[in-house]
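**Student:** Just the structure for this:
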Amino acid sequence: MAVHIIRATNNAQRHLSYLNSKGLSKKRPEKSLVTPIKKSSGRNNTGQVTVRHQGGAHKRYYRLIDFKRNKKDIPAVVTSIEYDPNRTANIALLTYADGEKRYILAPEGLKIGDSVITSTNADFKIGSSLPLEKVPLGMPIHNIELRPGKGGQIIRSAGSSAIVQSKEGGYATVLLPSTEVRKVPLTCYATIGQVSNADWQNVTLGKAGRKRHMGIRPSVRGVAMAPNAHPHGGGEGRSPIGMPAPKSKWGKSVAPGKITRRRRKYSNTLIVKKRRK
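**Tutor:** Below you'll find the predicted structure:
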């Protein structure tokens, strides 16, 4: 999908661009695979705002995505490639040989009419899912499980892919897009190929209205607030933050490079190389 740049005829269209939907085949989703999304506007069950800068999004339905790919040894045919408003990647509708339909993340290069399958003996075709012990070294994969049977948890955003570097001792060493290298059990399943819609990151929203349609409300700089509203607030005229490192609204340090990962997290032993230098 290529990025289409608007030729501006007014101020609202200046710097505006969007993705060309030429490769998509269906406008309306499969009715049996959607569920309503209840708006919360960043509030909890008591009505208090717990996540700021959220609210006012366009109404949308959630597409039920098959991250587990647990329908094994049954071939499926790609019926359509569709847009999903809830994620950056496109999705593909699969119709299995027994008539069941499911959505999956569409890999780059997957086309209507292609056949995919989930099996330990599957061919290395784009969109097929197989355990890491069967994946060749150096092949791009996505939708990777971290625990066998739990379903894909990582490498699911548009344009992302990981690479299997080695296999040893019941684990596969996987290079992630963040340059982190970690171990994943060989019995975990992954899907062959790179996630579609890599041009998503090249789109320019162009105007504030598109941000509001996405459900993102305006944010105010801390230095523009009063001192009782933010640690950066106060001062005469335009002033710096007045402290060695920036802080959040609640006084927590948000300095660049601040490590927020728990020191004793259970998966620390599986990380071979951290993404931080």
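
**Student:** Show me the helices in this protein, by range?
**Tutor:** Taking DSSP state H, the helices of the chain run over residues 208-213.

**Student:** low-scoring stretches of it, by residue?
**Tutor:** 1, 277 (pLDDT under 70).

**Student:** At the geometric centre of it, which residue sits there?
**Tutor:** Central residue of the chain (Cα atoms, centre = their mean): residue 157, 3.1 Å from the mean position.

**Student:** In this structure that residue contacts residue 105, no?
**Tutor:** No. Between residue 157 and residue 105 there is no contact under Cβ atoms under 8 Å: 9.4 Å. C-beta: built from backbone N, CA, C; applies to glycine.

**Student:** okay, and the common contacts of those two?
**Tutor:** Both residue 157 and residue 105 are in contact with 89, 195, where contact means Cβ atoms under 8 Å, 6 or more residues apart in numbering.

**Student:** Quick one: residues contacting the residue nearest to the centre of the chain.
**Tutor:** Taking Cβ under 8 Å, 6+ apart, we find residue 157 in contact with 87-89, 195.

**Student:** export these to JSON lines and tack on neighbour count and distance to residue 29?
**Tutor:** As requested, the contacts of residue 157 are exported to JSON lines (neighbours: other Cβ atoms under 10 Å; distance: Cβ to Cβ, whole Å):
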{"residue": "87", "neighbour count": "18", "distance to residue 29": "13"}
{"residue": "88", "neighbour count": "17", "distance to residue 29": "17"}
{"residue": "89", "neighbour count": "24", "distance to residue 29": "15"}
{"residue": "195", "neighbour count": "25", "distance to residue 29": "19"}
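
**Student:** Among those residues, which one lies nearest to residue 3?
**Tutor:** Using Cβ to Cβ, residue 88 comes nearest to residue 3 of the contacts of residue 157, at 13.7 Å.

**Student:** and the gap between the residue lying closest to that closest one once chain neighbours are set aside and residue 191?
**Tutor:** Spatial nearest neighbour of residue 88, chain neighbours left out: residue 158 (3.7 Å); criterion: Cβ to Cβ, 6 or more residues apart in numbering. Using Cβ to Cβ, to the nearest Å, residue 158 is found at 14 Å from residue 191.

**Student:** So between the two, which is more surrounded?
**Tutor:** Taking other Cβ atoms under 10 Å, residue 158 and residue 191 do not tie; residue 191 has more neighbours (28 against 21).

**Student:** Wait, residue 29 touches residue 62, no?
**Tutor:** No. Assessed by Cβ under 8 Å, residue 29 is found out of contact with residue 62, at 9.6 Å.

**Student:** Neighbour count: the two, which is higher?
**Tutor:** Set residue 29 next to residue 62 and count neighbours by other Cβ under 10 Å: residue 29 wins out with 20 against 16.

**Student:** thinking again about what came up before, okay if I get the contacts of residue 157 as TSV plus distance to residue 271?
**Tutor:** Shown next, in TSV, are the contacts of residue 157 (distance: Cβ to Cβ, whole Å):
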residue	distance to residue 271
87	26
88	25
89	25
195	22
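
**Student:** before we move on, the earlier item: for the residue nearest to residue 88, give me its contacts.
**Tutor:** Neighbouring residues of residue 158 by Cβ under 8 Å, 6+ apart: 87-90, 195-198, 200-201.

**Student:** ok, now residue 238?
**Tutor:** Taking Cβ under 8 Å, 6+ apart, we find residue 238 in contact with residue 223.
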